[in-house]
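# Model the following, please.
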Amino acid sequence: MDQRQIQDIVLSAKNGSQQAYRSLVAEFGSSLLGYFYRNTGKIDDAEDLVQEVFVRVVKGLKRYSEQEKFHIWLFRIAHNLLIDYWRKHKMKLESEISNEEQNSFSQNIASDEIDPVLVLSNRERYDELQQALEKLPANQKEVLLMRYFSGLSFDEISQINGTPIGTSLARAHRGLDKLKSILQKGKDIDNEAE
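Predicted structure coming up:
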């Protein structure tokens, strides 16, 4: 959906259209869910945070200025909620897989259509990446997730975080360097064990 269409939907939502609100949820819900899940490691918390974002959108849409891109305003709300979440949970992140994911994972392995070795290999790589991301400082992790998993530009990330673009670029660069280092150390340990 292009920026003009989004602005039209936002205007309709401001005027009370329930269908417009549903369209905003459909357009941005999965992106927000991924953002929150990768930052919290918990699907239930991520779903709750997405709901809270849209509750705040409903309450605050009258104050939204069309001069700002909607998705930047939306992710600023998400960013602030995430900061509150981290404060509340004191940055204690868990990497265990939810029951829902375990059931889905088991069903995928049991399926004749899917190669279980490939499924396990992909799951292990995902878990390694998730664990490595959790070792990064929060500000670096968040910039990487916004950029590479939510597809935001560095300019948009800077606007959301209220920081200069150079700060976002530096955090991404440092975060990528640390992430590579963490993942390389894991590979080195695995190679030594063989």
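
# Nearest spatial neighbour of the residue minimising distance to the centre of the chain, chain-adjacent residues omitted?
Geometric centre of the chain, nearest residue: Tyr35, 0.9 Å, by Cα atoms, centre = their mean. Nearest non-adjacent residue to Tyr35, counting by Cβ to Cβ, 6 or more residues apart in numbering: Ser150, 5.1 Å away. Every C-beta, even on glycine, is put in place using the N, C-alpha and C of the backbone.

# what about dumping the CA coordinates of whatever helix or strand the residue nearest to the centre of the chain lives in to PDB?
For Tyr35, the element it lies in under DSSP states H and E is helix 18-40. Output in PDB follows, covering the C-alpha atoms of helix 18-40 (Å, rounded to 0.1, in the frame of the first residue of the first chain):
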ATOM      1  CA  GLN A  18     -14.200   0.800  11.800                       C
ATOM      2  CA  GLN A  19     -13.200  -0.600   8.400                       C
ATOM      3  CA  ALA A  20     -10.300   1.800   8.200                       C
ATOM      4  CA  TYR A  21      -9.100   0.700  11.600                       C
ATOM      5  CA  ARG A  22      -9.300  -2.900  10.400                       C
ATOM      6  CA  SER A  23      -7.300  -1.900   7.300                       C
ATOM      7  CA  LEU A  24      -4.600  -0.400   9.500                       C
ATOM      8  CA  VAL A  25      -4.400  -3.500  11.600                       C
ATOM      9  CA  ALA A  26      -4.200  -5.700   8.500                       C
ATOM     10  CA  GLU A  27      -1.500  -3.500   7.000                       C
ATOM     11  CA  PHE A  28       0.800  -3.100  10.000                       C
ATOM     12  CA  GLY A  29      -0.200  -5.800  12.400                       C
ATOM     13  CA  SER A  30       2.200  -8.500  11.200                       C
ATOM     14  CA  SER A  31       5.100  -6.100  11.000                       C
ATOM     15  CA  LEU A  32       4.500  -5.000  14.600                       C
ATOM     16  CA  LEU A  33       4.100  -8.500  15.800                       C
ATOM     17  CA  GLY A  34       7.500  -9.500  14.300                       C
ATOM     18  CA  TYR A  35       9.100  -6.400  15.800                       C
ATOM     19  CA  PHE A  36       7.800  -7.100  19.200                       C
ATOM     20  CA  TYR A  37       8.400 -10.900  19.100                       C
ATOM     21  CA  ARG A  38      12.000 -10.400  18.100                       C
ATOM     22  CA  ASN A  39      12.500  -7.900  20.900                       C
ATOM     23  CA  THR A  40      10.700  -9.800  23.600                       C
END
